[in-house]
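Undergrad: give me coordinates for this.
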Amino acid sequence: MRIGITGGAGYIASHLVHELLKEDHELCVIDNLSTGSSKNIVRDSPKYKFIEGNISDEAVIDSFFSFEPQVIFHFAAFKAAGESMRKPAIYSENNVRASFKFLEHIQEGTFLIFSSSAAVYGNPEYLPMDEKHPLNPENYYGFTKKIFEENLEWYSRIQGIFYASLRYFNAAGYDMGGRVSGIERFPNNLLPIIMEVACGHRPEFEIFGTDYDTPDGTCVRDYIHVNDLVRAHLLAMDHIIQKKENLIVNLGSENGLSVSQILEAAREITGQKISAKRAGRRPGDPPILIASAEKARRVLGWKPEFSDCGSLVKSMWDAYRRDV
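TA: Numbers count the residues shown, from 1 in each chain. You can find the predicted model right below:
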């Protein structure tokens, strides 16, 4: 099958690439390498084509769609919630306008899997959060994901495409088999930042809030291993192809890990001190965010295998040590 991937040298997509090549698909990958790594470009497969550029560039779009992809995975987006509130214009340009323009070129009958986010929900009205939870983003990043989901629904009705919108909670970890060599550039998430401190690339990291109503006072989040995410993408692709129906589904572990729990696990696994300092709460940070993944289990037959704290931290540490 011919499969196109936007943002294909990025963190999650680079893991997906290896699984799709293992299944003998033909791939066409776009990435502008602003946050993705050139180390994640596959150079030894005749079934892999790489295009460096932006999905807003007409020449890039023409080259990509000349490949005539039957399935498209859309990962290309900026994803830092805090940054989206400081620099909304670049999120509007990349996540909304460029993605809308890209969507206009997708042909009838195409299957699209969209990298969405639990950020579409905003602060939880109840826990665990399921797909029926109200959509009320707390940041502009979450809004960009919500508005693209809405546009997908319209394009499905009008243009006859089928889509799966996968609402990730907190993606973490690295390939359990060590196949992905390029670590994320300019990370904004907790675990990569902790790894950068452990490697000596940062002097310390900040714990934003230590007085929450949680067991240890720090925020609790639902972390999902990237290998588990990739398997869900493959199952979602098979589902919409076979059923010819759209799908919106949460992807999370249904277990909460606190900032302090992850920090202590990282210190133990890496053997590094990992300096941390307390800081005030960030606006809009809820104490606890945990997914309900019941729909993913029921519809896709999916459940996480590697999303325990030890596997998350160790696989990341292995990747960062290889990259040093």
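Undergrad: all contacts plus neighbour counts: C-alpha atoms, from now on.
TA: Noted.
Undergrad: so Asn94 makes contact with Phe75?
TA: No. Under the contact definition of CA atoms under 8 Å, Asn94 does not touch Phe75, with a separation of 11.3 Å.
Undergrad: quick one, which of the two is more surrounded?
TA: With other CA atoms under 10 Å as the criterion, Asn94 and Phe75 differ in neighbour count, and Phe75 comes out ahead with 23 against 18.
Undergrad: for the more buried one, give me its contacts.
TA: Listed by CA atoms under 8 Å, 6 or more residues apart in numbering, the contact partners of Phe75 are 5-8, 13, 114-115.
Undergrad: hmm, try it at 7 Å
TA: When the contact criterion is CA atoms under 7 Å, 6 or more residues apart in numbering, the partners of Phe75 are 6-7, 13, 114-115.
Undergrad: kindly report the same for Leu247.
TA: 163-165.
Undergrad: cool, and Ala171?
TA: Contacts here follow CA under 7 Å, 6+ apart; on that basis Ala171 touches 223-226.
Undergrad: and Asp175, by the same measure?
TA: Taking CA under 7 Å, 6+ apart as the definition, contacts of Asp175 comprise 15, 227, 315.
Undergrad: one more time with 8 Å, if that's ok
TA: Taking CA under 8 Å, 6+ apart as the contact definition, Asp175 lies against 15, 226-227, 315.
Undergrad: so which residues of the protein form helices?
TA: 11-22, 58-66, 81-86, 88-91, 99-103, 140-159, 190-198, 226-243, 259-270, 294-295, 309-323 (DSSP state H).
Undergrad: closest one to Ser181 among these?
TA: When the helices of the chain are compared by CA to CA, helix 309-323 sits nearest Ser181, at 6.6 Å.
Undergrad: which parts of that closest one are buried?
TA: 309-320 (16 or more other CA atoms under 10 Å).
Undergrad: for the helix or strand of the chain with the lowest mean pLDDT, packing partners?
TA: Within the chain, judged by mean pLDDT, DSSP states H and E, the helix or strand with the poorest mean is helix 81-86; its value is a mean of 92. In this structure, helix 81-86 makes packing contacts with helix 140-159, judged by 3 or more CA pairs under 8 Å, 6 or more residues apart in numbering; DSSP states H and E.
Undergrad: just how off-centre is the helix it packs on within its chain?
TA: The gap between the average C-alpha position of helix 140-159 and the chain average comes to 17 Å, counting by CA atoms, centre = their mean, to the nearest Å.
Undergrad: cool, stretch 217-224 as well?
TA: On the basis of CA atoms, centre = their mean, the separation between the geometric centre of stretch 217-224 and that of its chain is 16 Å.
Undergrad: quick one: buried residues of that stretch?
TA: Quick answer for stretch 217-224 (16+ other CA under 10 Å): 218-224.
Undergrad: any chance of these in JSON lines, with pLDDT too?
TA: Listed next are the buried residues of stretch 217-224 as JSON lines, based on pLDDT from 0 to 100:
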{"residue": "Thr218", "pLDDT": "98"}
{"residue": "Cys219", "pLDDT": "96"}
{"residue": "Val220", "pLDDT": "97"}
{"residue": "Arg221", "pLDDT": "97"}
{"residue": "Asp222", "pLDDT": "98"}
{"residue": "Tyr223", "pLDDT": "98"}
{"residue": "Ile224", "pLDDT": "98"}
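Undergrad: rewinding a little: which two of the buried residues of helix 309-323 lie the greatest distance from each other?
TA: Cys309 and Tyr320 (16.7 Å).
Undergrad: against Ile274, how distant is Tyr141?
TA: Plainly put, Tyr141 is 29 Å away from Ile274 if you go by CA to CA, to the nearest Å.
Undergrad: between those two, which is the more surrounded one?
TA: Residue environment comparison for Tyr141 versus Ile274 gives the larger neighbour count to Tyr141, 26 against 21, counting by other CA under 10 Å.
Undergrad: quick check: the more buried one touching Lys87?
TA: No. Using CA under 8 Å, Tyr141 and Lys87 do not qualify as a contacting pair, with a distance of 10.1 Å.
Undergrad: now for the contacts of Leu247, which sits with the most neighbours around it?
TA: Neighbour counts for the contacts of Leu247 (other CA under 10 Å) peak at Tyr163, which has 28 neighbours.
Undergrad: OK, contacts around that one?
TA: 111-114, 152, 156, 240, 245-247.
Undergrad: and Ile290, by the same measure?
TA: 127-129, 169, 220-222, 252, 254-256.
Undergrad: burial count for Arg157?
TA: Arg157 is flanked by 10 other residues according to other CA under 10 Å.
Undergrad: begin at 847 from now on, thanks
TA: Happy to do that; since the first residue is 847 now, the last one works out to Arg1003.
Undergrad: which ones are touching it?
TA: The contact partners of Arg1003, taken as CA under 8 Å, 6+ apart, number zero.
Undergrad: against Glu914, how distant is it?
TA: Look at Arg1003 and Glu914: by CA to CA, they are 21 Å apart.
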